[in-house]
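1. Give me a model of this one.
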Amino acid sequence: MFRRRSDDSASSATVLAEQDDAPAGRDPQAPKGRPTPKRSAAEANRRTRVTVPKDRKEAAKQARERQRSDREKQRMALLNGDERALPARDKGPVRRFTRDYMDSRWSLAEFFLPFAVVILVLSVLRVPALQLLSTLLFALFLVLVIVDFLRLGLGLRKSLANRFPDESHRGAVGYGLMRNLQMRRLRLPKPQVKRGEHP
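-> Okay, here's the model as predicted:
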């Protein structure tokens, strides 16, 4: 019985000694283990924390404003060719080279839309000879566009392999051919090279 009390007192003395050895919180004068942020960074961080609204309507309004400003930046980038704000599908040196390659060359495909309008007008006229002519012209033009597509696509594939041997060219040829279907003045991003000015 006496021995048990002495064991309890010994164990409590051990616990007290361990508590005395443990640090009693960080000393205010001790280093933090991380650098103190600059005043400008701290103020910017505080500002971003303060501007987060608690109201859901206000948060949705701010999100819409951010999306609107992002869309405006992308629109301006598409007009002036600013690489930093372009959409993801238009970014990168491979896509830029593809655009320049297509914009520097003449192609039949870019005249497809005006030609289709002419063919449509001829087919509407109730003159059998003109209707037959429009059908033949459309078929001939379609064959020529396909041949032109093959020429441009193979040339672009070869140029990409020579210019960017270590980068992925996935989707670049299709991207260039789809751009080629649009009239030059309607293309976005706007062409950055002139006709015949090879990149």
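2. For stretch 103-114, which residues meet the burial criterion?
-> By neighbour count on 16 or more other CB atoms under 10 Å, the buried set for stretch 103-114 is D103, S104, R105, S107, L108, A109, E110, F112. Heads up, the C-betas are built off the backbone N, CA and C, glycines and all.
3. Where helices are concerned, which of those count?
-> Per DSSP state H, helices hold the following members of the buried residues of stretch 103-114: D103, F112.
4. So the closest residue to F149 other than its chain neighbours versus A60, what's the distance?
-> The spatially closest residue to F149, leaving aside those adjacent along the chain, is L177, at 5.8 Å (CB to CB, 6 or more residues apart in numbering). Note on L177: its distance to A60, by CB to CB, to the nearest Å, is 40 Å.
5. Show me which of the two is the more surrounded one.
-> Applying other CB atoms under 10 Å to L177 and A60 shows that L177 carries more neighbours, namely 19 against 11.
6. who touches that one in this structure?
-> M102, A109, F149, L152, G153 (CB atoms under 8 Å, 6 or more residues apart in numbering).
7. Neighbours of the third one, how many?
-> One way to gauge burial is a neighbour count; for F149, by other CB under 10 Å, it gives 18.
8. In the helix or strand in which it is found, which of the residues would be classed as buried?
-> Secondary structure from DSSP states H and E places F149 in helix 128-163. Buried positions in helix 128-163, judged by neighbour count with 16+ other CB under 10 Å: S134, F138, F141, V145, D148, F149, L152, L156, L160.
9. same check, this time on stretch 181-199
-> Going by 16+ other CB under 10 Å, stretch 181-199 has these buried residues: R187, L188, P189, P191.
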